[in-house]
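Asks: Dropping a prediction and its sequence here:
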Amino acid sequence: MSITPTFYILTSGIMFTMAAFCYLVPLPVNKMVKYQSVRHWLLLTIVLAGVVQYANYVQYQTQSLDVALICSRVLHHCANLLQLTMILVVTRITGRLGSSKSIWLLGGYVIFMALVDIFSTLPMRYASLPELKDITLAWGETISALDAPTSILGKLRDSMFLVIHAWMTAAMLLFVLTSKNKQLSRFFVFYALLVTILLANDYLTLTGRIDSIILSLSGIFCLILFFTFQFILEYVDLEAELRRQAYTDKITLVSNRAGIFNVLENLFQLGHNRQAMSLIVTDIDHFQVCNQAYGFLVGNQILKELAKRFADYAHLHQLYVARFDSDRFLLLASELLSSNKLLQIAHDLEQLLQKTIYIDKREIQLSCTIGMTQTRNADIHGPEDVFILAEKVILHAKKVAKSEITLLTDLELDDSNKQLEMKQQLELAIRQEQLDIVLQPQFHSDGQLYGAEVLVRWQHPTLGLVSPLEFIPLAERFGLISKLGHAVLNKTARYLAGVGTLLNASPFRISLNVSAWELNRASYVEELMHILSQHNLPPSLFTLEITETALVQDFEDSKRKLVELKQRGFRIALDDFGTGYSSLSYLRQLPLDILKIDKAFVDDVSSSSQQPMIEGIVKIADSVNLLTVAEGVENLDQLTTLGRIGIDVFQGYYLAKPMPFSDFVNAHIIPYAQSKMTSSSAGKSGQ
C-alpha cells in the first residue's frame with residue numbers, strides 16, 4: 001500500500017478511535033460545556049471526519065468509476081454535515097454568534113445541498129461527468145482521482161467552507177477575549193489556529209494555487225495533530241482536577257485533611273524539621289445551632305465565607321489553611337512562631353470570625369474557641385501526629401476556656417502525652433488482667449462484720465501501685481470505665497466462686513460500685529446476670545452502689561433497671577448521699593435499701609454544723625426504712641459520734657484498711673464459718 005492510502009486509512013482509524021474515546025472518557029471539557037448535547041455534536045464531528053478519511057482512502061485506491069462517484073457523493077454529504085456540526089459545537093460552547101436564525105439558515109443550506117446531490121445524475125461538485133485518471137503527486141506517488149470541471153454549486157460549497165471557518169474563528173476569538181474560563185479559552189485558541197490553517201488551505205484550493213489532495217492531506221494532518229495535542233492537555237488537566245478534588249474541601253474550597261496531610265508529607269520529605277512548626281485551631285462555637293436554625297445550605301455558606309477570610313489571611317502571612325473538621329479550621333506555620341506572634345494571629349482570626357456575616361438578609365454573629373501550640377517538644381513522626389496534636393490543642397482550649405484563646409504549653413502538652421500514654425497502659429492492663437481487687441470491711445455498730453466494699457487496685461509493672469484517684473478519672477475521660485467495671489466484676493466473681501460454700505452460709509454482703517457509664521448501657525443487667533450465673537453466685541450476695549451522677553443522665557431508664565435488679569435479689573445503695581441537689585427525691589422514687597453518707601460529712605462530724613445534717617439524714621433514712629452506712633471513718637471520735645447519732649454500718653481506715661481478698665477470707669469469712677460450725681456442733685451435743 002502506498003503512502004497516501006495508508007495515511008487515509010490510518011487517520012480514519014484514529015478519528016474513529018478518538019470518537020469512542022471522547023464518548024467513553026469524561027474529559028474536563030465535557031463538564032465545561034453549557035449543553036450536554038454539545039458532547040454529542042462533538043462526537044458526530046469526529047465520526048464524520050473519520051468517514052471522510054475512509055471515503056478518500058477508497059476513492060484514491062479504486063479503479064472503478066462508479067465506486068469513485070459514490071465516494072464523491074459521500075464526501076459531499078459528510079462535508080456539508082461537518083459544516084453544521086462544527087458550527088453547532090463552537091457556537092454552543094462559546095455562546096457567541098450562535099443565533100437560532102443563523103443556525104436554521106445553515107441547516108436549510110445543508111439540506112438543500114443534500115437534496116440537490118441526491119436528485120442530480122452527477123456528483124454535485126462536477127459540471128460534467130468526470131473521468132477516473134491516474135495522478136502523479138509531487139513526491140512521485142500515483143493515485144486514482146476524478147477529473148472534471150468544478151460546477152457552480154461545487155464552487156458554492158467550497159466558498160461556504162470559507163464562510164464557516166471565518167464564522168467559527170470569529171466566535172472563538174470573541175469568547176477568548178471576553179471569557180474568564182481560562183481552560184476553555186485555551187482550547188479555543190488552539191482550535192481557532194486549526195481552523196485558520198484549514199481556512200488558508202481552502203483559499204489556496206479555490207484560487208487554484210494548491211491541489212485538493214494537498215488540502216485534504218494537510219488539513220487532516222492538522223486536525224489529528226490538534227486533537228492529539230488537545231487530548232494530552234485534557235489529561236494533564238484531568239489529573240490536576242482529580243488531585244484538586246481529592247485535596248480540596250468541596251464546601252469551603254480550602255484544603256481538606258488529605259490536602260494538609262499532603263502538605264505535611266511534602267514538608268517532611270524535604271527534610272523540614274518536625275519540631276519547627278506552629279499550629280492554630282479554630283472551633284466555631286455552637287455551629288450546630290446555626291445549622292438547625294438556618295439550615296445546612298446557610299451553614300455551608302457561613303463556612304465558605306469564613307474559609308475565604310482565613311485563606312486570604314493565610315496567604316498574606318504565609319500560612320497553610322485547611323478545614324480540619326466539620327466546624328474547625330487548622331492554620332499551620334512551617335516555622336516556630338513566638339507565643340506573642342501566635343497570640344496576634346489568633347486575635348486576628350478571632351476578629352475575622354466575629355465579623356458579621358450577611359446571608360439572605362440575615363446578620364449572623366459567631367464566636368469561636370481557639371487553641372494554639374508549637375511542635376517544639378511534641379512527639380512528631382509524621383502527619384498523623386500533627387493531627388493528633390491539633391486535636392489535643394482544641395480539646396485543651398475548650399476545656400480551659402470556651403470562646404477564648406488558649407495556648408497549649410510544653411508542660412500541658414507533656415501532661416497530655418502522659419495521659420494518653422497512661423490510657424494506653426490502662427487498656428493493656430485491662431486486657432492482660434493486671435488489675436486486682438481489695439476488700440474494705442464494713443461493720444455493724446456492735447463490731448460484727450456487715451460485709452465489704454470491692455475496690456480496684458492497679459499494680460503497674462514499672463510504675464508500681466497507681467492510685468485509683470489517677471486511673472479511674474482517666475478511664476472515665478477516655479471511655480474505658482465500662483471495660484474497667486467489667487474486669488473488676490469478672491475478677492470479683494471468680495474470687496468469690498472459690499469460697500462460695502462459705503459465703504452462702506454467711507449474711508455478708510459484697511458491695512460493687514456501678515458507674516454511670518455501666519448503668520446506662522442497655523445490656524448492663526443481662527451482662528451482670530450472665531457473669532454471676534457463670535460462677536454460680538446469687539444476686540442476694542451483692543449490694544450495688546449507685547451515685548447520683550449515674551441517675552441524672554436518664555432517670556427513667558436508670559429507675560427501670562434498678563427496679564429489675566431489686567426484683568432479681570440485689571440490694572441497692574445510693575452512694576455519696578447528701579452531695580447532690582435532688583437526692584431526697586430519689587428516696588421516694590427509687591427502690592433503695594441503703595444510704596451511704598459521703599465522707600465529706602464524716603470528716604467534720606464533730607462540728608456543731610455537721611451533726612444536725614447527719615442526724616437529719618438518719619431520720620430521713622429511718623422514716624423510709626433504709627440502712628445508713630458512713631464511709632471514711634478515720635478515728636474513734638468519729639466512730640463514737642456517728643454511733644450516737646444512729647448510723648447502722650461503718651467503714652473506714654480506723655476499723656479496717658482495704659485488704660487482699662485472701663486476707664479478707666482468712667480474717668473474716670473462715671472464722672465466721674468456723675464459729676457457725678462450732679455453734680452447730682454445740683447445739684447438737686446439748687440435744
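Replies: Ah, there it is.

Asks: Near G632, how many other residues are there?
Replies: A count of neighbours around G632, defined by other CB atoms under 10 Å, yields 18. Just so you know, the C-beta spots here come from the backbone N, C-alpha and C atoms, and that holds for glycine as well.

Asks: Quickly note the distance from it to P130.
Replies: When CB to CB, to the nearest Å is the yardstick, G632 and P130 sit 118 Å from each other.

Asks: cool, A452 as well?
Replies: A452 sits 117 Å away from P130, going by CB to CB.

Asks: Of these two, which one has the most company?
Replies: Neighbour totals were compared for A452 and P130, and A452 leads with 25 against 19 (other CB under 10 Å).

Asks: Please identify which helix or strand holds the nearest residue to the more buried one once chain neighbours are set aside.
Replies: Taking CB to CB, 6 or more residues apart in numbering as the measure, A452 lies nearest to L439, with 3.9 Å between them; neighbours along the chain are not counted. Taking DSSP states H and E as the criterion, L439 maps to strand 435-444.

Asks: hey, which helix or strand in the chain has the poorest pLDDT?
Replies: Across the helices and strands of the chain, mean pLDDT, DSSP states H and E gives its lowest value to helix 28-32, namely a mean of 45.

Asks: mind checking how far the very next helix or strand once past that one is from the chain centre?
Replies: Per DSSP H and E, helix 28-32 leads on to helix 37-61 as the next helix or strand towards the C-terminus. Here the centre of helix 37-61 is set off from its chain's centre by 47 Å, with CA atoms, centre = their mean, to the nearest Å.

Asks: quick one: buried residues of helix 37-61?
Replies: Using 16 or more other CB atoms under 10 Å as the burial criterion, the residues of helix 37-61 that qualify are 38-39, 41-61.

Asks: Parallel or antiparallel, list what pairs with the longest strand seen in the chain.
Replies: If each strand of the chain is counted by residues according to DSSP state E, the longest one is strand 449-460. In the sheet containing strand 449-460, its partner strands are strand 435-444 (antiparallel), strand 464-466 (antiparallel), strand 509-514 (parallel), by DSSP bridges.

Asks: mean confidence for that strand?
Replies: Mean pLDDT, taken over the full extent of strand 449-460, equals 93.

Asks: neighbours of the residue lying closest to L496 once chain neighbours are set aside, just the number please.
Replies: Among residues not flanking L496 along the chain, L537 sits closest, at 5.8 Å (CB to CB, 6+ apart). Taking other CB under 10 Å as the criterion, the count of residues near L537 is 20.

Asks: Am I right that L537 is in contact with A493?
Replies: Yes - with contact defined as CB atoms under 8 Å, L537 reaches A493; the gap is 5.8 Å.

Asks: and the residue lying closest to H286 once chain neighbours are set aside, what does it touch?
Replies: Nearest-residue entry for H286: S367, 7.9 Å, with adjacent residues in sequence omitted and distances by CB to CB, 6+ apart. The contact partners of S367, by CB atoms under 8 Å, 6 or more residues apart in numbering, come to 284-286, 353-354, 403.

Asks: Identify those among these that sit within helices.
Replies: 353-354 (DSSP state H).

Asks: Would you mind writing the PyMOL command to select the buried ones in the contacts of S367?
Replies: Buried members of the contacts of S367 can be picked out in PyMOL with the line below, counting by 16+ other CB under 10 Å:
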select buried, resi 284+285+353
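
Asks: Just checking: the least confident one among the contacts of S367 is which?
Replies: Lowest model confidence among the contacts of S367 falls on S403, which carries 80.

Asks: what's the closest residue in space to that one that isn't next to it in sequence sitting at in phi/psi?
Replies: Leaving aside its chain neighbours, S403 sits nearest to S367 (4.9 Å; criterion: CB to CB, 6+ apart). S367 has phi and psi values of phi -130, psi 170 when expressed as degrees, to the nearest 10.

Asks: Next one: S367 from I405, what distance?
Replies: If you go by CB to CB, the gap between S367 and I405 works out to 11 Å.

Asks: anything in contact with each of these two?
Replies: Taking CB under 8 Å, 6+ apart as the contact rule, S367 and I405 touch no residue in common.

Asks: show me what contacts V665?
Replies: V665 is in contact with 499, 502, counting by CB under 8 Å, 6+ apart.

Asks: how about 10 Å then?
Replies: Residues in contact with V665, defined by CB atoms under 10 Å, 6 or more residues apart in numbering, are 439, 495-496, 498-499, 502-503, 659, 671, 673.
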